[in-house]
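Peer 1: build me a model from this:
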Amino acid sequence: MMAGPVLVFDSGVGGLSVVRALRQCLPEAALAYACDNAMLPYGQREDAWLVQRIRAVCEAAVAASGCSALVVACNTASTLALEVLRASLAIPVVGTVPAIKPAARISRTRHIGLLATSATVSRPYTLQLIRDFAADCRVTRVAADVLVSEAERLVAGEPPHRAILHRALAPLWEDPHLDTVVLGCTHFPLLAPWLAEAAPRQVSWIDSGEAIARRVGQVVTALAPREGGEPSFVTAPDERLVRGLATFGFAPPRLLHPA
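Peer 2: A predicted model of the protein is given here:
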C-alpha cells in the first residue's frame, strides 16, 4: 500500500502554523489539511459534545484524505479527544500541548507567560503541565480568545487589528521580569510578527510547531512525496479560506460530511 499524506486537523486555520513547521522540518512530505470551521471556536463548546464531534470530523477527513498519520493541531481537541482518536483510528495520531516545558527550560528570570484560549489556560491538563515542568517558575496565564479571530482574519487576507493585539497582550507586561511567552494556541504563531511588534520589550516566543514536526518524523515511517495542490477539507463553505489555504500549498477545500 502506498503511503498517504500527513493530515493536519484543527478547528480553524491555526493548524496552518503546524503546517509551516512541517514544511520546514519535512519539506518533501505530502500534507493534507482539514478544519471544522462550521463549529469554530471549539473553546466555547461543551466537552462531551466536542469529543464526539472531533471524532466524527477526523474520521471523515482520514477516510477522505487516505492519510498515513493524523496531527491534531489544536490544544482543545488534543486535551479532550486524543485518546478517543487513537482508539478509533488505525494510524498514528500526534497531539498538541502548550510548550510549557521548553519555555521553562530557557527562561532566565523564571517568569513565563502562557497566552492561550480561555479553555486552555484553565484546563487541569494545562495546570498539570505547569506543575510537572515549570514548578520553579511563576506562570502568568492570559486568556486571549480574541487572537483566534485575528489569526483567522489574517489568513483570509486582512491585517490584524493592532489595538486588539495590544489589549490582549497587556497583562503580560505588568511584571518587567517576564521574559518568555508560550503561544498556547496554534492560531497564535500565525500572528508572531505582529505580536512581537506589539510587545514593549523583547521576549522569547515559544510554540509547539517544531516539536510536533519532529514527532511526526519519528512516528511516520513512510512519508508520501509532496505534490502540487495538496488536498484540504472544510465542514462549511467559506470562500475566504481558498486563498489562505492556497498560500500554504493546498488545493481549494472540499466539503466534509461528518457522520
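Peer 1: output the contacting helices and strands for the lengthiest helix in the chain.
Peer 2: Identified as the longest helix of the chain according to DSSP state H is helix 47-65. Using 3 or more CB pairs under 8 Å, 6 or more residues apart in numbering; DSSP states H and E as the contact criterion, the secondary-structure elements in contact with helix 47-65 are strand 6-10, strand 31-35, strand 69-72, helix 75-88, strand 232-234. (C-beta placed from N, C-alpha, C; glycine too.)
Peer 1: what's that helix in contact with?
Peer 2: Taking CB atoms under 8 Å, 6 or more residues apart in numbering as the criterion, the residues outside helix 47-65 that touch it are 4-5, 7, 9, 32, 34, 36, 39, 42, 45, 67, 70, 72, 76-77, 80-81, 84-85, 88-89, 91, 231, 233, 235, 254, 256-259.
Peer 1: what about the strands in the stretch 151-259 of the chain?
Peer 2: Chain-ordered strands for the stretch 151-259 of the chain, with DSSP state E, counting those that start in this stretch as the definition, fall at 180-183, 204-206, 232-234, 254-255.
Peer 1: where exactly do the helices run in the stretch 151-259 of the chain?
Peer 2: For the stretch 151-259 of the chain, the helices identified by DSSP state H, counting those that start in this stretch occupy 162-169, 192-198, 209-219, 239-247, in order along the chain.
Peer 1: does residue 184 really touch residue 114, like I thought?
Peer 2: Yes: counting by CB atoms under 8 Å, residue 184 sits close enough to residue 114 to count as a contact (5.2 Å).
Peer 1: can you give me the domain boundaries for this protein?
Peer 2: Per the record, the chain has its domains at 6-96+210-255, 100-207, by automatic domain parsing.
Peer 1: let me have those domains in TSV, adding mean pLDDT and mean neighbour count as columns.
Peer 2: TSV is the format used below for those (pLDDT from 0 to 100; neighbours: other CB atoms under 10 Å):
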stretch	mean pLDDT	mean neighbour count
domain 6-96+210-255	94	20
domain 100-207	96	18
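Peer 1: which residue packs closest to residue 171, ignoring adjacent ones?
Peer 2: Take residue 171 and drop its neighbours on the chain: the residue closest to it by CB to CB, 6 or more residues apart in numbering is residue 142, 4.9 Å away.
Peer 1: quick revisit: to residue 225, which of the helices of the stretch 151-259 of the chain lies closest?
Peer 2: Of all those, it is helix 209-219 that lies closest to residue 225, at 14.9 Å by CB to CB.
Peer 1: for residue 67, grab phi and psi.
Peer 2: Main-chain torsions, residue 67, degrees, to the nearest 10: phi -70, psi 160.
Peer 1: that one: what's it in contact with?
Peer 2: The neighbours of residue 67, taking CB under 8 Å, 6+ apart as the test, are 4-7, 32, 61, 91.
Peer 1: can you tell me how far the residue nearest to it when sequence neighbours are not counted sits from residue 180?
Peer 2: Across the structure, with CB to CB, 6+ apart as the measure, the residue nearest residue 67 apart from its sequence neighbours is residue 7 (3.7 Å). In this structure, residue 7 lies at 31 Å from residue 180, with CB to CB, to the nearest Å as the measure.
Peer 1: now residue 143
Peer 2: Computed as CB to CB, the residue 143 to residue 180 distance reads 18 Å.
Peer 1: please apply the same query to residue 122.
Peer 2: With distances taken as CB to CB, residue 122 is found 21 Å from residue 180.
Peer 1: give the bridge partners for the residue nearest to residue 67, please.
Peer 2: For residue 7, the beta-bridge assignment (DSSP bridges) gives partners residue 32, residue 70.
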